[in-house]
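Chemist: Sequence isn't available, so here's the structure alone:
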């Protein structure tokens, strides 16, 4: 396999791989906002903060997921489309803008691969995430020649 993009190399934080390919489908692991394995933002999403506070962490997690998927395609292939995107958000109990926060990930994917970057999506609030990350993103994508 040839890597198309390795400018951000998601490093697994345990006994798993960043992404798995089965045929023409890639499933990524959950990606948090890490650079070189180090979280760049920690803590729960707070309903008292502006959503823009979380734009960069969400985009970084999405970038890590996209890079993990791209790392499993050959130079003759491309990501045909994002089939599904799941955005887990560790937020305080009163936070209600999960979908708007997940839009930052969708916007990033649209910016990177156009309309093919928009698939079905779930935005899910959770009590905590690994390493006290505010967001974790997992995607499933189709590959085409």
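Modeler: Yep, that arrived. Not measured: the values here are computed from a predicted model.
Chemist: you'd agree residue 115 is in a helix?
Modeler: Yes. Checked against DSSP: H, G, I helix; E, B strand; the rest coil, residue 115 lies within a helix.
Chemist: For it, give its distance to residue 81.
Modeler: Distance of residue 115 to residue 81, given as Cβ to Cβ, to the nearest Å: 8 Å. In short, each C-beta sits where N, CA and C put it, glycine included.
Chemist: which residues in this protein form strands?
Modeler: For the chain, the strands defined by DSSP state E occupy 19-22, 25-28, 34-35, 38-39, 78-90, 120-126, 135-144.
Chemist: Out of those strands, which one sits most buried?
Modeler: strand 135-144 (a mean of 22; mean count of other Cβ atoms under 10 Å).
Chemist: ok, residue 65 - contacts?
Modeler: Residue 65 is in contact with 10, 28, 31, 137, 138, 139, counting by Cβ atoms under 8 Å, 6 or more residues apart in numbering.
Chemist: switch to 6 Å and redo it
Modeler: Contacts for residue 65 (Cβ atoms under 6 Å, 6 or more residues apart in numbering) come out as 28, 31, 137, 139.
Chemist: Check residue 78 too.
Modeler: Neighbours of residue 78 in contact, by Cβ under 6 Å, 6+ apart: none.
Chemist: Then residue 11?
Modeler: Counted by Cβ under 6 Å, 6+ apart, residue 11 has contacts residue 37.
Chemist: Just the pLDDT for it.
Modeler: If you check residue 11, the pLDDT there is 83.
Chemist: No further queries at this time; thank you.
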